[in-house]
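> model this:
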Amino acid sequence: MKVCVIYGSESGTSERGIRGIVKKWQEKNGSKFVVGGIMEGCAAAEVGLAALAETYDMLVVATSSNGEGDPPYNFHAFLKALYAAQDEGGEPLKGVGHAVLGFGCSHFDTFQNCPRLTDKLLGELGSTRVAPRAEVDEIDQEGGDAAKAKWSDAVYAVLTSSVPAKAACAWTTPGDTQGGNQ
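So this is what the prediction gives:
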């Protein structure tokens, strides 16, 4: 299995987080999968969705929201490419799996806006969600670390499995826990 890791990060938290996870995966991997690239969302947009689908079996995405729920500067072009593909119709990512790790701060009303939209659009474009999205809240260090670890283990299990991945859940999982809503 060939994996592409795509990140969007304004402050570097998403990038550091996903690079740390990938490093741990590679240390225990045993060559069951290959990380073919770790790139900013803008670089992934330049590659193009069709080329990503032809080259990789899995897209692992880590991103945050910035400002009023906007994508980070280095992820904007990727999100724009997802929206453009949605407007064109079809499923350019059919046959590819994906997993999304979201970073943010629940102090903001737009908490996890970009990760949630990314997860939703990837699925609508034909990709299979292989693990529930994890939503890391910088206000809750302990809970964020636990969410990252649980997500990392779930994605690693898929990457090292000999059984084809099945859809794990709807993009709405996990539900919005901000303000007590679930």
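
> Contacts for the biggest helix by length in the chain next, please.
Of all the segments assigned as helix in the chain under DSSP state H, the longest by residue count is helix 141-159. The contact list for helix 141-159, computed with Cβ atoms under 8 Å, 6 or more residues apart in numbering, reads 1, 3, 17, 21, 24-25, 28, 32-33, 58, 60, 97, 99, 101, 130-138, 165, 168. Using the backbone N, CA and C atoms, a C-beta is placed for each residue, glycine as well.

> Buried only: go through these for me.
The neighbour count (16 or more other Cβ atoms under 10 Å) marks 1, 3, 17, 21, 25, 33, 58, 60, 97, 99, 101, 130-137, 165, 168 as buried among the contacts of helix 141-159.

> Tell me which of these fall in strands.
3, 58, 60, 97, 99, 101, 134-137 (DSSP state E).

> For residue 87, state which of the residues you listed is nearest.
residue 97 (23.4 Å; Cβ to Cβ).

> May I have the beta-bridge partners of the closest one?
residue 58, residue 128 (DSSP bridges).

> hang on, it packs against residue 126?
No - using Cβ atoms under 8 Å, residue 97 is not in contact with residue 126, being 10.7 Å away.

> Could you list every helix and strand in contact with the worst-scoring helix or strand of the chain on mean pLDDT?
Every helix and strand of the chain was ranked by mean pLDDT, DSSP states H and E. The lowest is strand 134-137, at a mean of 82. The contact analysis (3 or more Cβ pairs under 8 Å, 6 or more residues apart in numbering; DSSP states H and E) places strand 134-137 against strand 97-104, helix 141-159.

> Which stretches in this structure count as helices?
Counting by DSSP H, the helices of the chain are 13-28, 41-47, 49-55, 76-88, 113-124, 141-159.

> and the gap between the nearest residue to residue 136 once chain neighbours are set aside and residue 101?
Closest residue to residue 136 apart from its sequence neighbours, by Cβ to Cβ, 6 or more residues apart in numbering: residue 144 at 4.1 Å. Per Cβ to Cβ, to the nearest Å, residue 144 is found 11 Å from residue 101.

> Are there residues contacting both of these two? Which ones?
In contact with both residue 144 and residue 101: residue 136, using Cβ under 8 Å, 6+ apart.
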